[in-house]
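1. Below is the sequence, then the predicted model.
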Amino acid sequence: MDLDGLYQEIILDHYRNPHGKGLREPFEAEVHHVNPTCGDEITLRVHLVGDTVADVSYDAEGCSISQASASVLNDLLIGKSVGAAMGLLADFQALMQGRGTIEPDEETLEDGVAFAGVAKFPARIKCALLSWMAWKDATSQAVTLKEDA
Amino acid sequence: MDLDGLYQEIILDHYRNPHGKGLREPFEAEVHHVNPTCGDEITLRVHLVGDTVADVSYDAEGCSISQASASVLNDLLIGKSVGAAMGLLADFQALMQGRGTIEPDEETLEDGVAFAGVAKFPARIKCALLSWMAWKDATSQAVTLKEDA
Amino acid sequence: MTVSTESASAYDVAKIREDFPVLARRLDGDKPLVYLDSANTSHKPQVVIDAVADHYAMHNANVARAMHQLGAEATAAFEGARDKVARFVGAPSRDEVVFTKNATEALNLVAHVLGSVRGSRQIGASSEIVITEMEHHSNIVPWQLLCERTGARLRWFGITDDGRLDLGALDELVNEHTSVVSLTWVSNALGTVNPLAPIIERAHEVGALVVVDASQAVPQLPVDLGSLGADFVAFTGHKMVGPTGIGVLWGRYDLLAELPPFLGGGEMIATVSMERSTYAAPPSRFEAGTPQIAQAVGLGAAVDYLESMGMKAVAEHERAITAYALERLQEVGGLRIVGPTEAVDRGGAISFELAGVHPHDISQLLDSQGIAVRAGHHCAKPVHARFGVQSTARASFYLYTTTAEVDALVEGLEHTKRFFKV
Amino acid sequence: MTVSTESASAYDVAKIREDFPVLARRLDGDKPLVYLDSANTSHKPQVVIDAVADHYAMHNANVARAMHQLGAEATAAFEGARDKVARFVGAPSRDEVVFTKNATEALNLVAHVLGSVRGSRQIGASSEIVITEMEHHSNIVPWQLLCERTGARLRWFGITDDGRLDLGALDELVNEHTSVVSLTWVSNALGTVNPLAPIIERAHEVGALVVVDASQAVPQLPVDLGSLGADFVAFTGHKMVGPTGIGVLWGRYDLLAELPPFLGGGEMIATVSMERSTYAAPPSRFEAGTPQIAQAVGLGAAVDYLESMGMKAVAEHERAITAYALERLQEVGGLRIVGPTEAVDRGGAISFELAGVHPHDISQLLDSQGIAVRAGHHCAKPVHARFGVQSTARASFYLYTTTAEVDALVEGLEHTKRFFKV
Ligand SMILES: Cc1ncc(COP(=O)(O)O)c(C=O)c1O
Ligand SMILES: Cc1ncc(COP(=O)(O)O)c(C=O)c1O
């Protein structure tokens, strides 16, 4: 088992020093997601300005993979348009569910490429996706809110 | 499998010409028993005069074994004291549950000895005991009624 | 015993029988087994037995919550079985497949959760639940209990003299008060295959949900739940060459997602505190506790086996053997079939009476010749009452049944008549 | 791996291990399996695997309702398993043993039927249900759902800092409003063995019923239900070297006899008409549908196996290995045990944290060395919340666990610390 592939140095760095952690104002939507299997939890807020992801703030508890993933998400999505961010989500999700067959694009996924090794550990894929699913949920809510307004 | 031991001529005779069948008055207790496995049913009434089983009347539907057993019960118990009848019940039950190891006493069980072969067919023991259990239930009720009176 | 291959040439019954170890059993008096009780439970091919044994011997672990290698293997095997079952019945999504302990639990699960829904789907004193007179007890009692809990009224389709559902009153019976219509696809007592389409159409017209008891259908017919149109479908592993201890509830995902849980406990939660809990998404929401892991794996092997044979071929064999049996049985003097007597819209369960011999005595006599049939009410007392009988004998067939076995049954019945002098 | 036999000389762990085929598994990187997750599910000896396979291969049939020879064999095997289980736990009567699909169903069954009782035992808005903060979700959620249905109030025993039940408030907590006290005998998260006697005594003093979750007790301790004094006891086959898909609810016969049914369907009825049904006596009343036949047979073989070993010897081995593990684990720097740290009134589940490494990462690292532990909340979130942790890693033992495996765990933890540089 390629443990070093799973626990790349980049991941451990993000785990030890997570980027953008903490819950901040303002925000349009807040969600709480749990991985029922293991208990990992995240509370995540999304703040949109126009069509831009202005902030993603979060409070999370969980393993190195889930924490590092939230940190990388924070780096990647803030400042992007909602459409571009959703595209990155799709790329990241494809990478996770590709059973190790997908070659990630460092241009777009940046530090996210470090998660390529996670795809080979089915039990850990949910850890890597926890924050992404929470972000998707919160962003959908925020977008709906704006449309209704 | 000793089919002839199961279906003794005596049993088939009682099956074709059941003794004492039909529901009669007077009675102190009536019960309805079912064998849930196969659906055999019996409605049975007991009439006590003093300490004597004055009548056992019944309406029953079921296989040859359960019908013949009700007929033999009718022959055996009517006219006996409740105590003696309960004793016969015990003998008959012991015979049924003895897995074929018990030698029945023809003096006391009369035609009931024909059921000795049933004991070797576990699935049919309940058929043979259906009317006896109904009688026991009804008689207990009738006795309690009298005591309460 | 001679084994004939009466159906499609590719379908080789003799070869299929070799897959089932129990079919080689010799019974009392060195009689070969003639097993005509498959509607009660089917036998298991060696591949299913091996799949279960191999799982325990090599991949045993708890699922979902165990993250080690054995746990990953067990989880992949268990969830893989869900994929297989979903594909086998044409479920639009694997997440619509809920594992239960048997069909009975599946039907009770639906009745319970529908009974505890609040809001527009709430079942109350003015609601009506519609079933049929030919249901198995497992599709009667849960609805009676639901009616007790909610005050709803239980109504039912009657049966025609030739054993078909009486749809004359369809529009009256299924009306704007109807919350649920629950009916069997194939009757285990009469053999009738019910016309689901008009009933489902009418039910949906009035906003009722449709539950189909497919316990006798999924083993015998090609099934495509995606196009059936039902809302819930129940079936059971042990009747489809799978293990005991496992059944399936399929439900439309949008419905499952809005329903409350049934059993509470491990695996079905999102989060638990002493004060309150929240629940996982389907199917987990309805699978409390350690699931039937090895049984699901066995069921997966069973559907693989059935698919290797092709459900069209299985259905065609069943049709052929049923037609043959209906014909041969009607040659037996004094024999009356309770249920359709022609092999049209008909499954392979044939219930019958023999004048002058009680069904238990028939089954006892046949058993002494190694022939296994069922005698009694087959967990369907109301349909027996409908035909004025307390019990019947029933012969039922499956993919391993031969015409020679049907011949043995007919001979056995003639012997029975001689024994009882009728 | 060296296998040492540290307990009673008659107890030969090396020989016992040969009975369990999976223990010979090599994992990724040709690592031998070090299975320390038996509180999650236990492995199965070959005799259990064979009993199930042999049943399917030679004696398969439905039970009770099938009167042919195979049916009689299957029924004898199934009911024989009930006898074995009754004897194994010292049940006063075999008819008190109800087979369920797992312990979770058993607990839900009790919660449901107690919730639908009418009359003097009726549970309503002024009733209280008492559980503990160390329960498995399967003994929390059913009672929360019962409270939702009935309006009853859920209360619970707290836990002391050293992981024991806080009985200080016993008399206040269990009072004349209390309908049910339901608690675990042995905690799957803390390992605590709870003192049942004073709680049962107090509960009965106020007329409350006592439900004991013995899922972790029956596999490890000699049990005599006749003298325990509880009213209901639940346990589960897969944790006691038995198959998945089978659990047991034991209940006092007089109580079972007065309780309404839970699931409705085949096997549990006395008679059924479309208008109404009556129900069979226990245990059948609570076993709707085709039961877990092969699983019961497997469970019967499992209790035979445990009896051949002697539950005293099993308990003694568990005590010895737990004491050894508690000692060795406390030598690991940064490791904190959540639960009692001494092998007194303690089962073999040891949950722990390692400073600076999340439990999932611990389990991942250990797994890469072939060591299987569980990480997470172990279906016991409230007790984790009580100790201020979101998850722990847990090592748990059984009759086949060796001290060498505990040594491997300790080495594995040191390796983990090096890997994560803590
Ligand atoms: C203490 C305790 N109670 C209940 C259960 C539930 O058992 P099952 O999942 O077999 O229903 C478990 C195990 O998961 C347990 O450890
Ligand atoms: C039509 C029908 N429905 C339901 C059932 C119940 O299945 P199970 O006993 O596996 O729950 C059966 C079989 O017994 C059946 O034939």
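-> Yes, it's here. Numbers count the residues shown, from 1 in each chain, chains lettered A, B, ... in the order given. Ligands and ions are numbered 1, 2, ... in the order given.

2. what's the spacing between the closest residue to ligand 1 within chain A and D:Ser284?
-> Closest contact between chain A and ligand 1, by CB to the nearest ligand atom, is at A:Thr37 (13.6 Å). Every residue, glycine included, has its C-beta placed from N, CA and C. The spacing between A:Thr37 and D:Ser284, counted by CB to CB, to the nearest Å, is 37 Å.

3. what does C:Asp213 give?
-> 21 Å.

4. who has more neighbours, those two?
-> Using other CB atoms under 10 Å in any protein chain shown, the more surrounded residue of C:Asp213 and D:Ser284 is C:Asp213, with 29 against 20.

5. residue contacts, that one?
-> C:103, C:107, C:135-136, C:138-139, C:182-185, C:234-235 (CB atoms under 8 Å, 6 or more residues apart in numbering or on different chains).

6. Secondary structure for those residues - can I get that in CSV?
-> As requested, the contacts of C:Asp213 are arranged in CSV below (DSSP: H, G, I helix; E, B strand; the rest coil):
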residue, secondary structure
C:Ala103, helix
C:Leu107, helix
C:Glu135, coil
C:His136, coil
C:Ser138, helix
C:Asn139, helix
C:Ser182, strand
C:Leu183, strand
C:Thr184, strand
C:Trp185, coil
C:Ala234, strand
C:Phe235, strand
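
7. other SSEs contacting the lowest-mean-pLDDT helix or strand in chain C?
-> Lowest mean confidence among the helices and strands of chain C (mean pLDDT, DSSP states H and E): strand C:269-272, at a mean of 91. Where contact means 3 or more CB pairs under 8 Å, 6 or more residues apart in numbering or on different chains; DSSP states H and E, strand C:269-272 is packed against strand C:277-279, helix D:381-386.

8. What ranges does chain A have for its strands?
-> For chain A, the strands defined by DSSP state E cover A:29-34, A:41-49, A:52-61.

9. Now residue 85: closest residue in space that isn't a chain neighbour?
-> The chain I'm using is chain A. Excluding the flanking residues, the one nearest A:Ala85 by CB to CB, 6 or more residues apart in numbering or on different chains is A:Leu77, at 4.5 Å.

10. hmm, I had chain C in mind actually
-> C:Val97 (5.3 Å).

11. Likewise for C:Gly266?
-> C:Gly266 sits nearest to D:Cys379 (CB to CB, 6+ apart), 3.9 Å away.

12. A:Gly98 now?
-> In space, A:Gly98 is closest to A:Ala119, 5.6 Å off (CB to CB, 6+ apart).

13. Provide a list of residues in contact with C:Glu405.
-> Per CB under 8 Å, 6+ apart, neighbours of C:Glu405: C:1, C:34-36, C:371.

14. er, C:Phe352 actually
-> C:329, C:335-338, C:392-395.

15. where's whatever residue of chain A ends up closest to chain D relative to A:Pro122, distance?
-> Using CB to the nearest CB, the closest approach of chain A to chain D is made by A:Cys63 at 3.6 Å. To A:Pro122, A:Cys63 is 15 Å away according to CB to CB.

16. the more surrounded of the two?
-> A:Cys63 (29 against 16).

17. Grab the nearest non-local neighbour of C:Asn175.
-> Using CB to CB, 6+ apart, the nearest residue to C:Asn175 is C:Val206, at 5.9 Å.

18. from what I can see the one you found touches C:Thr178, true?
-> Yes. Between C:Val206 and C:Thr178 there is a contact under CB atoms under 8 Å: 5.6 Å.

19. Show me which of the two is the more surrounded one.
-> Under the neighbour definition other CB under 10 Å, C:Val206 and C:Thr178 were set side by side, and C:Thr178 has more, 21 against 14.

20. what number of residues lie near the residue nearest to the more buried one when sequence neighbours are not counted?
-> Among residues not flanking C:Thr178 along the chain, C:Ala208 sits closest, at 4.1 Å (CB to CB, 6+ apart). Neighbours of C:Ala208 under the rule other CB under 10 Å: 25.

21. now swap in C:Lys421 and tell me
-> 9.

22. Now the residue nearest to C:Ala217 when sequence neighbours are not counted: phi and psi?
-> Nearest non-adjacent residue to C:Ala217, counting by CB to CB, 6+ apart: C:Trp185, 3.8 Å away. Note on C:Trp185: its backbone torsions stand at phi -80, psi -50 [degrees, to the nearest 10].

23. and if you look at C:Val212?
-> phi -110, psi 130.

24. ditto for A:Leu23
-> phi -100, psi 130.

25. I'd say it and A:Val46 touch.
-> No. Counting by CB under 8 Å, A:Leu23 does not reach A:Val46; the two are 11.4 Å apart.

26. Overlap in contacts, these two.
-> A:Glu30.

27. which stretches of the stretch 101-250 of chain C form helices?
-> C:103-116, C:141-150, C:170-173, C:196-205, C:225-228 (DSSP state H, counting those that start in this stretch).

28. what angle separates the second one from helix D:103-116?
-> So the one you mean is helix C:141-150. 40 degrees (axes from the mean of the first three to the mean of the last three CA atoms, to 10 degrees).

29. circling back to that earlier point, so who does the residue of chain A closest to ligand 1 touch?
-> A:126, C:64-65, C:67, D:376.

30. Among the residues you listed, which lie within strands?
-> Going by DSSP E, the strands hold D:Gly376 from the contacts of A:Thr37.

31. Show me which of the contacts of A:Thr37 is closest to ligand 1.
-> Once CB to the nearest ligand atom is applied, the member of the contacts of A:Thr37 that ends up nearest ligand 1 is C:Arg65, at 8.6 Å.
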